[in-house]
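Novice: sharing a model that was predicted from the sequence below.
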Amino acid sequence: MIKLPSSNINKNEKYSLILLGAIICAVAILLVLVMPLKSTTEQQNDELMQNRQRLASYKTFAQQNPDYALFNRIQTERLVEARAKIPNKIVMSDILKEYTKMANEYDINLVKIKTYDSAAIAPEMGAFAVPLDVMVEGNYFNIIEFLNALENGKRYVKLRSTNIGGNEENESVTVNAQILVYALNKDAVSNSIDTKKSVDVAKDNSDQTKTENEKI
């Protein structure tokens with residue numbers, strides 16, 4: 001007769017099963033409770049560290065700028081200066097006034113400012129580069145100083161090319177310089193520039209003088 005194995009579990013097997021169950025419960029608790037808690041604690045520690053660093057930055061800022069009103073005024077002036085360098089839009093009448101005044105300061109004649117179609121306006125450095133042709137007449141060295149003043153003036157200007165007519169040794173030469181001025185808004189640039197392709201400065205000044213004389 002064949003004997004079947006006994007279904008009774010001895011004490012060692014019971015202890016082994018209890019131990020295995022305890023291990024499984026411990027692992028489950030670790031996964032469900034301890035690990036998320038640890039992750040949350042690490043996240044809170046990181047946030048605390050960031051807040052401490054931010055507080056240290058605020059303290060440093062306060063020490064370096066005890067007079068906040070003065071600091072705010074300086075920052076406002078810098079913002080105004082930056083906006084003047086690259087305004088939201090290009091207004092040809094403003095450019096005409098600025099460049100005419102500068103030409104007079106350097107004792108040269110601003111003859112013409114020519115603009116291009118809006119297709120020539122290209123994005124550059126987060127702004128829009130607007131090409132202009134500026135024609136001037138006068139002493140060669142004075143014109144060079146005028147062009148340097150354009151590049152270092154209150155507007156951000158980049159000199160692209162120059163074409164010199166006449167003899168540099170003569171008292172008067174004609175220079176046609178292509179420059180780039182910049183604006184933040186392309187639509188504003190297009191609307192203000194495409195209305196007039198070329199500004200004849202000599203003619204405009206003559207008409208303005210005539211109008212003023214009629215008023216008198």
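Specialist: Yep, that arrived. Numbers count the residues shown, from 1 in each chain.
Novice: so where do the strands sit in this protein?
Specialist: Counting by DSSP state E, the chain forms strands over residues 109-115, 122-124, 127-138, 157-165, 173-183, 198-200, given from the N-terminal end onward.
Novice: lowest average pLDDT across those?
Specialist: Set side by side, the strands of the chain differ in mean pLDDT, and strand 198-200 is lowest with a mean of 57.
Novice: got the CA coordinates for stretch 141-158 in PDB?
Specialist: This file holds the C-alpha atoms of stretch 141-158, laid out as PDB (Å, rounded to 0.1, in the frame of the first residue of the first chain):
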ATOM      1  CA  PHE A 141      37.100 113.100 -42.600                       C
ATOM      2  CA  ASN A 142      34.000 114.800 -41.300                       C
ATOM      3  CA  ILE A 143      31.900 112.100 -43.000                       C
ATOM      4  CA  ILE A 144      34.000 109.400 -41.300                       C
ATOM      5  CA  GLU A 145      33.400 111.000 -37.900                       C
ATOM      6  CA  PHE A 146      29.700 111.300 -38.800                       C
ATOM      7  CA  LEU A 147      29.500 107.500 -39.600                       C
ATOM      8  CA  ASN A 148      31.300 106.700 -36.400                       C
ATOM      9  CA  ALA A 149      28.800 108.800 -34.500                       C
ATOM     10  CA  LEU A 150      26.000 106.900 -36.100                       C
ATOM     11  CA  GLU A 151      27.300 103.600 -35.000                       C
ATOM     12  CA  ASN A 152      27.900 104.900 -31.400                       C
ATOM     13  CA  GLY A 153      24.700 107.000 -31.100                       C
ATOM     14  CA  LYS A 154      21.600 106.400 -29.100                       C
ATOM     15  CA  ARG A 155      20.200 104.000 -31.700                       C
ATOM     16  CA  TYR A 156      21.800 100.600 -32.300                       C
ATOM     17  CA  VAL A 157      23.200 101.000 -35.800                       C
ATOM     18  CA  LYS A 158      25.300  98.700 -37.900                       C
END
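Novice: same list, the strands of the chain, but as CSV with distance to L19 and mean neighbour count please.
Specialist: (Each C-beta comes from the backbone N, C-alpha and C, glycine too.) As requested, these are arranged in CSV below (distance: least, CB to CB, whole Å; neighbours: other CB atoms under 10 Å):
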stretch, distance to L19, mean neighbour count
strand 109-115, 89, 19
strand 122-124, 71, 11
strand 127-138, 73, 21
strand 157-165, 80, 13
strand 173-183, 77, 19
strand 198-200, 95, 15
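Novice: D46: which of these is closest?
Specialist: Closest to D46 of the strands of the chain, according to CB to CB: strand 127-138, at 37.7 Å.
Novice: could I get the closest one in PDB with only the CA atoms?
Specialist: These are the backbone C-alpha positions of strand 127-138, laid out as PDB (Å, rounded to 0.1, in the frame of the first residue of the first chain):
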ATOM      1  CA  ALA A 127      14.800  92.100 -33.300                       C
ATOM      2  CA  PHE A 128      14.300  93.200 -36.900                       C
ATOM      3  CA  ALA A 129      17.100  94.700 -39.000                       C
ATOM      4  CA  VAL A 130      15.900  97.600 -41.200                       C
ATOM      5  CA  PRO A 131      18.200  98.600 -44.100                       C
ATOM      6  CA  LEU A 132      18.600 102.300 -45.000                       C
ATOM      7  CA  ASP A 133      20.800 104.100 -47.500                       C
ATOM      8  CA  VAL A 134      22.100 107.400 -46.200                       C
ATOM      9  CA  MET A 135      23.700 109.800 -48.700                       C
ATOM     10  CA  VAL A 136      25.900 112.600 -47.400                       C
ATOM     11  CA  GLU A 137      28.200 115.200 -48.900                       C
ATOM     12  CA  GLY A 138      31.100 117.100 -47.300                       C
END
